[in-house]
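S.K.: any chance you can model this:
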Amino acid sequence: MTAESLLIEESLERLVERAGDPTPAVYARLFARFPDMEALFVRDRDGAIRGEMLTKTLECALDLAGPNAYAANFIACEAVNHDGVGVPREIFATFFEVSVETFAELMGPEWTPAYAQAWAGLIARIAEITAAA
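M.R.: From the prediction side, this is the model:
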């Protein structure tokens with residue numbers, strides 16, 4: 001494991017310990033920033049789709065920070081797939097940023113500069129992958 005992947009994994013473990021499931025907070029922030037995106041979730045009445053999407057996002061983050069066995073290809077494919085359902089490319093890439101901003105807010109002072117740096121590096125890689133897709 002890389003130092004980045006260890007920090008990202010640790011930040012997620014601490015997040016869950018401190019705040020529980022971050023899904024509602026992540027989507028509240030996303031919809032506050034991009035209100036038009038909420039309509040895309042009209043059929044997600046119980047939040048299962050949102051939860052699954054955040055889970056896949058976090059799985060990709062952990063893989064991309066580590067072995068990158070699939071994450072880069074998965075992110076590129078999903079960027080294209082999301083184009084097809086009306087999610088602008090820049091909003092797709094921003095979802096990772098919105099998630100991390102939410103994690104930092106939920107963790108408060110427990111969000112360390114090392115966590116922020118590890119996630120910033122990962123977000124930069126995700127932006128590159130998304131732009132090239």
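
S.K.: measure the most centrally placed residue in the chain to R14 for me?
M.R.: The residue lying closest to the centre of the chain (Cα atoms, centre = their mean) is F96, at 3.3 Å. Between F96 and R14 the distance is 18 Å, computed by Cβ to Cβ, to the nearest Å. In this view, the C-beta of every residue, glycine as well, is placed from N, C-alpha and C.

S.K.: same question, W111
M.R.: Separation of W111 from R14 (Cβ to Cβ): 9 Å.

S.K.: show me where the protein has its helices.
M.R.: In the chain, the segments counted as helices under DSSP state H are 3-19, 23-33, 48-65, 71-84, 89-107, 113-132.

S.K.: just name the most buried of those.
M.R.: helix 89-107 (a mean of 19; mean count of other Cβ atoms under 10 Å).

S.K.: next, the angle from that one to helix 71-84.
M.R.: Here the directions of helix 89-107 and helix 71-84 differ by 120 degrees (axes from the mean of the first three to the mean of the last three Cα atoms, to 10 degrees).

S.K.: and the angle from helix 89-107 to helix 3-19?
M.R.: Orientation check (the same axes, to 10 degrees): helix 89-107 against helix 3-19 gives 60 degrees.

S.K.: just the CA trace of helix 89-107, in PDB.
M.R.: Listed next in PDB are the C-alpha coordinates belonging to helix 89-107 (Å, rounded to 0.1, in the frame of the first residue of the first chain):
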ATOM      1  CA  ARG A  89     -18.600  16.100 -17.200                       C
ATOM      2  CA  GLU A  90     -17.500  18.800 -14.800                       C
ATOM      3  CA  ILE A  91     -20.200  17.900 -12.300                       C
ATOM      4  CA  PHE A  92     -19.200  14.200 -12.600                       C
ATOM      5  CA  ALA A  93     -15.600  15.000 -11.700                       C
ATOM      6  CA  THR A  94     -16.800  17.500  -8.900                       C
ATOM      7  CA  PHE A  95     -18.700  14.700  -7.100                       C
ATOM      8  CA  PHE A  96     -15.400  13.500  -5.700                       C
ATOM      9  CA  GLU A  97     -14.500  17.000  -4.500                       C
ATOM     10  CA  VAL A  98     -18.000  17.400  -2.900                       C
ATOM     11  CA  SER A  99     -17.600  14.100  -1.100                       C
ATOM     12  CA  VAL A 100     -14.200  15.100   0.300                       C
ATOM     13  CA  GLU A 101     -15.400  18.500   1.400                       C
ATOM     14  CA  THR A 102     -18.200  16.800   3.200                       C
ATOM     15  CA  PHE A 103     -15.900  14.300   4.900                       C
ATOM     16  CA  ALA A 104     -13.700  17.200   6.100                       C
ATOM     17  CA  GLU A 105     -16.700  19.100   7.500                       C
ATOM     18  CA  LEU A 106     -18.100  16.000   9.200                       C
ATOM     19  CA  MET A 107     -14.700  15.200  10.800                       C
END
